[in-house]
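Asker: Requesting a structural model of the entry that follows:
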Amino acid sequence: MVMLIHIISHNFKNVLLQRSDGQNLERMVQHPFEADGGVLGVTFQGNGTVTTRFRYVRTIAFTNERRKGQRLYKAMDSTRELGYGIAEGIGNEIHTPLYRHHLLPGLNKKRKNTSNTRVVYWGKRLLSMWEGGAPYKLDGLALSTEGRSQLGGVLAEKDPFGSKMVIDPVKDRALMYKVVQDAKSSELTVYEFNNKFRLVEEGEKGEEGKSTVDLPGLAMISDMAVTTNYALFVQPKVSTSMQFMFAKEPGKVLSTEKAPAILHLVPRVGSNKEAVSLEIPFDGVVDANLQFINAYEEGNKVVLDAIRSDGLKKSSPTKSSEWPFVSSRADYDEKASNRSLWRYEIDLSSGTVSKRKLSDIQCFFGGVKPSQSTQKHDHIFMAIGGLGDDTAPPQGIAKFDCNSESIDSWMPEAYEFCGEPMFAPKVNPSSEDDGYVLTVLFNGKSEQSELVVFESSEISAGPVCRIPLGIGVPHGLHGCFTDSEEAAWSFEEIQRRAKLADKIESRGNRWNEVKSDFSGLGLRFDDMEEYFGDSFLS
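Answerer: So this is what the prediction gives:
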C-alpha cells in the first residue's frame with residue numbers, strides 16, 4: 001500500500017527548510033502556488049514498517065533554474081503583485097493563476113509549469129499534474145522524473161491539460177480533462193481511460209473515449225466532479241478587455257464579474273445523455289474557486305458537495321504578495337478567504353440549481369472513501385482550521401456526517417498543522433467504513449513532519465499511530481492512496497531504484513540534456529506501453 005502526496009516547495013533553492021538567516025530572497029517565489037512541486041511517498045510494508053522517500057519533480061523549468069542558479073520564470077509576479085483583492089478576493093487563492101490563458105503558445109514564455117498541484121496513480125503510471133500544462137511521469141519507486149507525458153499520444157505537446165483525475169470505481173475508469181480557452185468561446189474535452197490507461201472504446205467514431213463541448217466565453221475552469229453519467233464543471237462569469245490577445249499582464253485585462261456562474265453537465269462517453277448548462281443562483285459570492293469533493297446521481301437529481309471560498313472581505317485592495325507569504329495570524333486573515341462546506345443540487349426535471357451551506361467551519365482538502373467516488377457518499381474527510389468559522393489555515397482533521405450533518409474532529413497542538421486527509425481501507429475490513437485516515441503533520445517548533453494515522457470510525461480519539469518522517473516536509477496540495485498489488489514494492493526494491501535515481505540526478509545538467517525518449521523515431525518514451533504493451537515497462 002502506498003500513500004503519495006504532492007508537496008509544494010516554498011523556496012526556489014529546493015532544499016527542505018532552507019529558511020535560516022542569510023536566505024537569498026531573490027530566489028523566493030512571491031506566492032506558494034508558484035513554487036516547485038515535489039512528491040512524498042510512504043509505502044506500508046505490511047510487517048509493521050514503512051519506507052518513505054521525497055523527491056522534487058524535475059520539470060524543464062526546474063532544471064533550467066537549477067542550471068542557471070537563479071529564478072528565470074517571473075512572469076506571474078506581476079499578477080500576484082496586484083494583491084489579494086482581485087477577482088472578488090479569491091484571484092490569488094486558486095492553485096494556479098486565475099488567469100490561465102497565459103499558457104497559450106507565444107503569450108509569455110516566462111511562466112512555468114511547476115507540476116505542483118496533484119499526484120495520481122492509475123494504470124501502473126504515476127503522474128504529477130498542474131492545471132493548464134502537461135503532466136509529468138514519475139517512477140513510482142524512486143519518485144524520479146521520467147519526463148513530460150502525452151499519455152500515449154492522447155495529448156498534443158502544448159495541450160492545456162487539467163490537474164484533476166476522478167476515478168470511477170464502478171466502471172474501473174479514470175476521467176481527466178483539458179480546456180482550450182479564448183475570449184469569445186472555449187472548448188472543453190473530457191477523457192475517459194480504462195484501467196490500462198487507454199482511452200475507452202466507447203464514443204463517436206474517431207473520438208472514442210472523448211466527450212467535447214463548446215463553452216461560452218473564456219471558461220475559467222479548475223476542477224471536475226463525476227457521476228455515473230456526467231462530468232460536472234462550474235464556469236464563473238469572466239469578462240475580457242480588447243487587449244486580451246496582446247497584453248502580457250492578464251490580471252489587467254480579465255475580471256471576474258458579480259454574476260451567476262454556469263454549472264455544466266458534460267455527458268460521459270457511452271451515456272447517451274445530452275449536455276446540460278444551468279445557472280447557479282447568485283447570492284453575492286462568486287462561485288469561482290469551488291473545490292469539488294464528490295458528486296452523485298439520485299433519481300433525476302444530481303448532488304455536488306464542494307468547499308466554497310468567500311473573498312468578499314478581500315474586495316478592497318490589500319498589499320501585494322511577497323515572501324514570506326504569511327508571517328502572522330493577522331497576515332493570514334488579511335490574505336485568505338473564508339471557506340465553508342456547501343451542497344449544490346441540480347434538478348434535471350425542472351432545470352434548476354439550488355445550494356445550501358452544510359457547515360461554517362473553515363475546511364480544506366475534502367474527500368470521500370475511494371469506493372464511494374462518483375456514488376452517494378455518507379462521510380466527508382477534510383482538514384479544518386483551529387478557530388471554528390473564523391479564517392484560519394488547515395490544522396486539524398474532521399469527518400463530516402452527511403446524514404446527521406455532525407462533525408467528528410481532532411485538533412493537534414497550536415504549533416502543529418495537518419495536510420490533506422486520505423482514507424485507506426483496512427486489509428480485512430469489517431464493513432465498507434472500516435479503515436484508516438492518513439495525513440502528514442508538520443511541527444512548527446521542531447520543523448519536523450510525521451505521518452499520523454486515525455481510525456476512520458473515531459477521529460476525535462486522536463491518532464492511533466504517529467510515524468516520524470525524519471525530515472520537515474513543506475505543506476502540500478493533493479495526493480492519493482493506492483493498494484494496488486503492483487505498488488507493493490519492498491524496501492530493497494525502493495532502495496535500489498532510489499540509489500540509481502540519485503546517481504542519474506547527480507550528473508546534473510549534462511544528463512538532463514540527453515534525449516532518451518526515442519523521439520527521433522517519432523515515439524515518446526511514455527508512448528512505448530501503447531505500442532508494445534504493458535510488458536514494456538513492467
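
Asker: May I ask you to confirm that Y332 belongs to a helix?
Answerer: Yes: note on Y332: a helix contains this position according to DSSP: H, G, I helix; E, B strand; the rest coil.

Asker: Would you mind stating the distance between it and Y344?
Answerer: 28 Å (Cβ to Cβ, to the nearest Å). Glycine gets a C-beta too; all of them are placed from N, C-alpha and C.

Asker: Have a look at the two and say which one is more surrounded.
Answerer: Higher neighbour count among Y332 and Y344: Y344, with 24 against 15, using other Cβ atoms under 10 Å.

Asker: I'd assumed that one was in a strand, is it?
Answerer: Yes: the assignment for Y344 by three-state DSSP puts it in a strand.

Asker: Wait, it touches I307, no?
Answerer: No: taking contacts as Cβ atoms under 8 Å, Y344 lies outside contact range of I307: 11.8 Å.

Asker: What's opposite R173 in the beta bridge?
Answerer: Beta bridges link R173 to D168 when assigned by DSSP bridges.

Asker: same check, this time on W122
Answerer: Assigned bridge partners for W122, using DSSP bridges, are R125.

Asker: the helices in the chain, which residues?
Answerer: 60-68, 77-80, 86-89, 329-335, 491-506, 509-512, 528-532 (DSSP state H).

Asker: Send me stretch 486-501 as PDB with only the CA atoms.
Answerer: Provided in PDB are the C-alpha atoms of stretch 486-501 (Å, rounded to 0.1, in the frame of the first residue of the first chain):
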ATOM      1  CA  GLU A 486       1.700  -3.800  -8.500                       C
ATOM      2  CA  ALA A 487       2.600  -1.000  -6.000                       C
ATOM      3  CA  ALA A 488       3.500  -3.400  -3.200                       C
ATOM      4  CA  TRP A 489       7.200  -2.600  -3.600                       C
ATOM      5  CA  SER A 490       9.700  -3.900  -1.000                       C
ATOM      6  CA  PHE A 491      12.200  -1.800   0.900                       C
ATOM      7  CA  GLU A 492      15.000  -3.300  -1.100                       C
ATOM      8  CA  GLU A 493      13.400  -2.600  -4.500                       C
ATOM      9  CA  ILE A 494      12.700   1.000  -3.500                       C
ATOM     10  CA  GLN A 495      16.300   1.500  -2.100                       C
ATOM     11  CA  ARG A 496      17.900   0.100  -5.300                       C
ATOM     12  CA  ARG A 497      15.800   2.300  -7.600                       C
ATOM     13  CA  ALA A 498      16.400   5.400  -5.400                       C
ATOM     14  CA  LYS A 499      20.200   4.900  -5.500                       C
ATOM     15  CA  LEU A 500      20.100   4.700  -9.200                       C
ATOM     16  CA  ALA A 501      17.900   7.900  -9.400                       C
END
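
Asker: Quick check: buried residues in that stretch?
Answerer: 487, 489, 494, 497-498, 501 (16 or more other Cβ atoms under 10 Å).

Asker: do the same with stretch 447-454
Answerer: Buried-residue list, stretch 447-454, by 16+ other Cβ under 10 Å: 448-454.

Asker: The nearest residue to G133 once chain neighbours are set aside: what's it in contact with?
Answerer: The shortest distance from G133 to any non-neighbouring residue, by Cβ to Cβ, 6 or more residues apart in numbering, is to N113 (3.4 Å). Listed by Cβ atoms under 8 Å, 6 or more residues apart in numbering, the contact set of N113 reads 59-61, 130, 132-134.

Asker: How about T227?
Answerer: By Cβ under 8 Å, 6+ apart, the neighbours of T227 are 295-297, 302, 374.

Asker: all strands for the stretch 401-538 of the chain, in order.
Answerer: Using DSSP state E, counting those that start in this stretch, the strands found in the stretch 401-538 of the chain span residues 407-410, 416-418, 422-425, 435-443, 448-455, 465-468, 480-482.

Asker: neighbouring contacts of the third one?
Answerer: This means strand 422-425. 1, 3, 367-371, 381, 434-439, 456, 479-481, 483.

Asker: Can you give the strand pairings for it, parallel or anti for each?
Answerer: Applying DSSP bridges, strand 422-425 is found paired with strand 435-443 (antiparallel).

Asker: now do the second one
Answerer: Each strand pairing with strand 416-418, determined using DSSP bridges, is listed with its direction: strand 435-443 (antiparallel).

Asker: Now the partner strand - C-alpha only, CSV.
Answerer: Presented in CSV, the C-alpha positions along strand 435-443 are these (Å, rounded to 0.1, in the frame of the first residue of the first chain):
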residue,chain,number,x,y,z
GLY,A,435,-10.4,1.9,7.5
TYR,A,436,-7.8,4.5,8.4
VAL,A,437,-7.4,8.2,7.7
LEU,A,438,-3.9,9.3,6.9
THR,A,439,-2.3,12.7,6.8
VAL,A,440,1.0,14.5,7.2
LEU,A,441,1.5,16.7,10.2
PHE,A,442,4.1,19.5,10.4
ASN,A,443,5.5,20.5,13.8
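
Asker: Next, the angle from that strand to strand 448-455.
Answerer: Put simply, strand 435-443 runs at 160 degrees to strand 448-455, going by axes from the mean of the first three to the mean of the last three Cα atoms, to 10 degrees.

Asker: Buried residues in strand 435-443, which are they?
Answerer: Buried, per 16+ other Cβ under 10 Å, within strand 435-443: 435-443.

Asker: May I have the phi/psi pair for G133?
Answerer: phi -140, psi 170 (degrees, to the nearest 10).

Asker: I figured it hits P160, correct?
Answerer: Yes: contact criterion Cβ under 8 Å: G133 and P160 qualify, at 7.1 Å.

Asker: Neighbour count for these two, which is higher?
Answerer: G133 (25 against 20).

Asker: Could you measure from that one over to V190?
Answerer: G133 is 18 Å from V190, by Cβ to Cβ.
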